[in-house]
Structures are given as structure tokens and as C-alpha cells.
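K.L.:
Just the structure for this:
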Amino acid sequence: MSATASPSSSASATVATATAPAADAFAPRHLWRHALLAGLGAAAGLALYATGLRGNTLAVAIIVLLCLSYWATGWLPDFLVSLLLMFLLATCTSLGANVVFSGFTSSAFWLVFSGAVIGTALGVTGLGERVASRLADHCGHAYGIALTGFVAIAFALGIVMPSTLGRIAILTPIVLSFCERVGLAQGRPGRTGLLLATALASCELSTAILPANLPNLVMAGTAETVLGLRLGYGEYAIALVPALAVVRGIVLVVVAMRLFPDRLTPLAVANTANPAARTPMHPQEWRLLVALSLMLGLWLTEPWHHIAAGWVGLGVALLCLGPLRLVNPDAFLKHVKLAPLWFVAAIVGLTAAVDHAGLAVALRPALSHLDLAQMSAPSAYLVLVALSMTLTFLVTSNAAPALYTPLVPALALGAPLPVKAVLLTQTVGLSTLLLPYQAPPLVLAMALAGIGIRDATRYCLATALVALVTVVPMTALWWHLIGLLRLH
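P.N.:
Now for the predicted structure:
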């Protein structure tokens, strides 16, 4: 069971590490922190009240701000913040349990559970070690090569698999096995760097591929309905892949190497330590491979059978726990951790509360008055990028396109940018994540890998800051070269 314990103990140790500083969060010397955040929440509430927000909209805005502050600072354990969010939404709003606790019925929640089962099965059967061994042959020579390889794999998988949650559910256990394979044990910075780079690549780089994630589909569908503008797969890729995939991918690798520097175990030593990885596949590995192939096939054909990724994952998890006899249920229950499940449920509930409380709708009147006609093309482009980033920060990446896209006709009126440029500029903001909660799939990856909120926040902020001085201007330059945007 040593292989079984690895992913679980990894998550457990990370959660313990993340929450250790907050274990004595209510000691007298720390009470000023809670007073500070409560004061900031009250001040923000008064300011929002003065702008006309009332009822559920105002309450949700204050609650979300308070809980996001706790998540960002780490002044309370993550699972306590998750429970606090659900408690406040349930008692201080009239949204109802079906909204507040919608995370427990979401596909993402059950993907966390099924991902834990599948990750355990990959460890028990040795299939994860085998896949990691093959990857180590190509990517295990140096830390930078490994980072580049997994970022590239995350992007390539986005071309064939239109589900960010599904890509992360598959990749995370493989990265964990790879880390064990090349000597990146729990607590090593390189392990955190590889996991975060792969997860963020799955979320951000897929923005450059039209059908690869939910925000893209929302944007394309709304654009066709509201603007009568149909986005083609090829023209979309030409406009966005060079900067939003290639340049941003380089940013993810470089920042990970700076924030989480590390070295891999020399490949020859790793091969000697793991001779079993070169043996023929065992029957258990074949059974798991068939189950994973079935899962991947059902994920790819979701548009036809309409069974959500979470329910497909749950079915495969049940096969692993039951008929396939790959994971011992009793042993699994001893290792499963509840904190990641609460975290995912809270994030999904937060998104649902923001939507049902009409927080996005309340912002629309102010945004519709934004006048770009008096600006130069570069200034208008930067303002639109800032607008998209702000909306993604306020209502998450899933909801931001539904708010931004209907505003495009008003924003483009008299603007020095063509309508298509105004529309596509939102993708630059959508792919620039400041905090983990902005992308629910990233939260899923953190839960599966046991990544602490502090490390994820540092990485998101650092990559976003670097992207502002690299990806943002290079996107504008590329659009100028292909005739989508005139910079003079």
C-alpha cells in the first residue's frame, strides 16, 4: 500500500502545511487580522450600498469579498473558509440551499472524488509509475525540460479533449507519479512547480483553442446570438495561439523555475531504483487502462450522450472500487481527505451565488457607459483587457464572457477597434488569472494534488504580472501583424 499512500499522504501533508500557520488563528495576537478583514468588508459594503446594491446582491458581494480575503491571506484554514462561505450564504441571503450547496451536486465535486480513486488505482496497479517512467525517458533529464513537456502536453490535450476538468483529472495523477519517479518527493518545490504549471496550462492555454473550455463556448455562443458573429476554429487559433498559448506557456515555465527552483534525480539513478517500470504490464494495469480508455471515450463523446464528466468519473471510480478490484475500499476511506471536497463545493457554490444574486447584472449599467471613442487603439485595447480581467476577478472565468460579450456592440460603437478585436480582447483577460478561485478547474487540480492555496496564489499572481508585460503587448503586436488591430 505504499504506492497507495503516496498521493493521499501528499495531499494530507500539503493541507497540513497550508493550515499550520492558521492552526492558532484565534489566538489573541492574531485577532487583529479578523478585525481588519471585517472592517474592510464593512467599508466595502457601505461603498456598494452607496452605489445602489441591495438585498442578496449586496450580501453576496460582502461575503465573497470576506472569504476571498481569507483564502488569499491564509489567515484561516482553507476548509474553515469553505464552511464559513456556505454558512454565511445560507444564513445571510435568501438564495436557498439548492444554490448555496450546489457544489455538492456539481460535476466538479465528484470529479475530485473520482480523481482520488483513479489516482490511487494508478499507484496501486503501477500503471501511473509506468506512464511516468515513459515520460521520464523524454522529460526526466532536467527540471526545465519536465516543465516544458507537461505544459506542452496540457496544451496538446486541449486540442483533442474539450473539457478542462477532464484534462486535469487525467494529468494530475500522472504528474504526481512522475514526481515520485524523478525524486520530487512531498515538500520539494519542484513538485509544486510541476503540478501548478500543468494545472494552469490546462486552464489558461486552452483559451487559445475555441472548443477547449467552457468560457470559450459561452463567448462563442453569446457572440453568435447577440452579434450574429460566428467564430471559426482556424481564424480563432491563428489570432490567439502565438501569444496566448506559446508566449504564455513560456511564461508559465519560466515563472515556475523562478518561484519553485529544483533539480531532478538523474535519470540513470531513477531507472536503477525502479526496475519494475520496465516489466510487462500486469492484468491489473490492463484492467485500469481499459477503464481509463472507457472514461476518456465517454468524455470525448459527451456532446452526444450528455452525461457530465463528473458522473462518468464516478462510474469509473465505482468500477475501480468494485468489480475491477483495483482499489481496496477500506484502505481508500482511511486515506481520503475531506478538505479538498469542501473547497471545491464552496467555490462552485460561490459561483452559483454570484450568478443567482445578479451581481454580474448589477455591474452591467456602469460598464455600458464605458466610452472608447475618445481613446487611441492601444489605449482602448488595454482598457478592454483590464475590463476583462476585472470581470474575471469579480465573477470568475466561467461567468465573465456572459457579461462581457453582450456589451461588445456598445463598447465597439465609435471605438478605434473592429468588433472582432473588441470581442477577442476578453480572451486575454480570461487567460490571466490573478487568484485560483477564478478558474474552478484550477481549484480541482489543487484538491487532487494537495496544493496549498498560498503556493497557488503566489504562482497565479506572478504569472499574471509577467503576462501583463509580455503576453498582453505581444498579443496586440501579433494582431497588428495579421490585420486584426491597428496600433496607429
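
K.L.:
so where is the stretch 51-200 of the chain shaky, pLDDT-wise?
P.N.:
108, 132, 160, 162 (pLDDT under 70).

K.L.:
what separates stretch 394-407 from the chain centre, distance-wise?
P.N.:
On the basis of CA atoms, centre = their mean, to the nearest Å, stretch 394-407 sits 16 Å off its chain's mean C-alpha point.

K.L.:
Equivalent analysis for stretch 381-394, please.
P.N.:
Per CA atoms, centre = their mean, the centroid offset for stretch 381-394 relative to its chain is 18 Å.

K.L.:
tell me which residues in it are buried?
P.N.:
381-385, 387-394 (16 or more other CB atoms under 10 Å). Glycine gets a C-beta too; all of them are placed from N, C-alpha and C.

K.L.:
cool, stretch 213-226 as well?
P.N.:
Of all the residues in stretch 213-226, those buried under the rule 16+ other CB under 10 Å are 213-216, 218-220, 222-223.

K.L.:
Of the residues you listed, which is the nearest to residue 31?
P.N.:
Comparing those against residue 31 with CB to CB picks out residue 215 as the nearest, at 39.6 Å.

K.L.:
Let's see the pLDDT reported for that closest one.
P.N.:
pLDDT, residue 215: 83.

K.L.:
same deal with residue 11?
P.N.:
According to the prediction, residue 11 has pLDDT 36.

K.L.:
try residue 221
P.N.:
At residue 221, pLDDT is 79.

K.L.:
Contact partners for it?
P.N.:
By CB atoms under 8 Å, 6 or more residues apart in numbering, the contact set of residue 221 is empty.

K.L.:
quick one: what helix or strand has it in it?
P.N.:
In this assignment (DSSP states H and E), residue 221 forms part of helix 214-222.

K.L.:
My understanding was that residue 285 contacts residue 130; is that so?
P.N.:
Yes. Look at residue 285 against residue 130 with CB atoms under 8 Å: they come within range, at 6.8 Å.

K.L.:
What are the contacting residues of stretch 373-391?
P.N.:
Residues from elsewhere that reach stretch 373-391 (CB under 8 Å, 6+ apart): 360, 363, 367, 370, 372, 400, 403-404, 411, 413-417, 421-422, 425-430, 432, 434, 472, 476, 485-488.

K.L.:
hmm, try it at 6 Å
P.N.:
Identification of contacts with stretch 373-391 by CB atoms under 6 Å, 6 or more residues apart in numbering yields 372, 400, 403-404, 414-417, 425-426, 428-429, 432, 472, 476, 486-487.

K.L.:
can I get the CA coordinates of it in PDB?
P.N.:
The C-alpha trace of stretch 373-391 is given here as PDB (Å, rounded to 0.1, in the frame of the first residue of the first chain):
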ATOM      1  CA  ALA A 373     -14.400  56.600 -28.800                       C
ATOM      2  CA  GLN A 374     -12.100  59.200 -27.300                       C
ATOM      3  CA  MET A 375      -9.100  56.700 -26.900                       C
ATOM      4  CA  SER A 376      -6.400  55.600 -29.200                       C
ATOM      5  CA  ALA A 377      -6.300  52.000 -30.400                       C
ATOM      6  CA  PRO A 378      -3.600  50.900 -27.900                       C
ATOM      7  CA  SER A 379      -5.300  52.600 -25.000                       C
ATOM      8  CA  ALA A 380      -8.700  51.100 -25.900                       C
ATOM      9  CA  TYR A 381      -7.100  47.700 -26.200                       C
ATOM     10  CA  LEU A 382      -5.500  48.000 -22.700                       C
ATOM     11  CA  VAL A 383      -8.800  49.200 -21.200                       C
ATOM     12  CA  LEU A 384     -10.700  46.200 -22.600                       C
ATOM     13  CA  VAL A 385      -8.000  43.800 -21.300                       C
ATOM     14  CA  ALA A 386      -8.300  45.500 -17.800                       C
ATOM     15  CA  LEU A 387     -12.100  45.200 -18.000                       C
ATOM     16  CA  SER A 388     -12.000  41.500 -18.900                       C
ATOM     17  CA  MET A 389      -9.500  40.800 -16.000                       C
ATOM     18  CA  THR A 390     -11.700  42.800 -13.600                       C
ATOM     19  CA  LEU A 391     -14.900  40.800 -14.600                       C
END
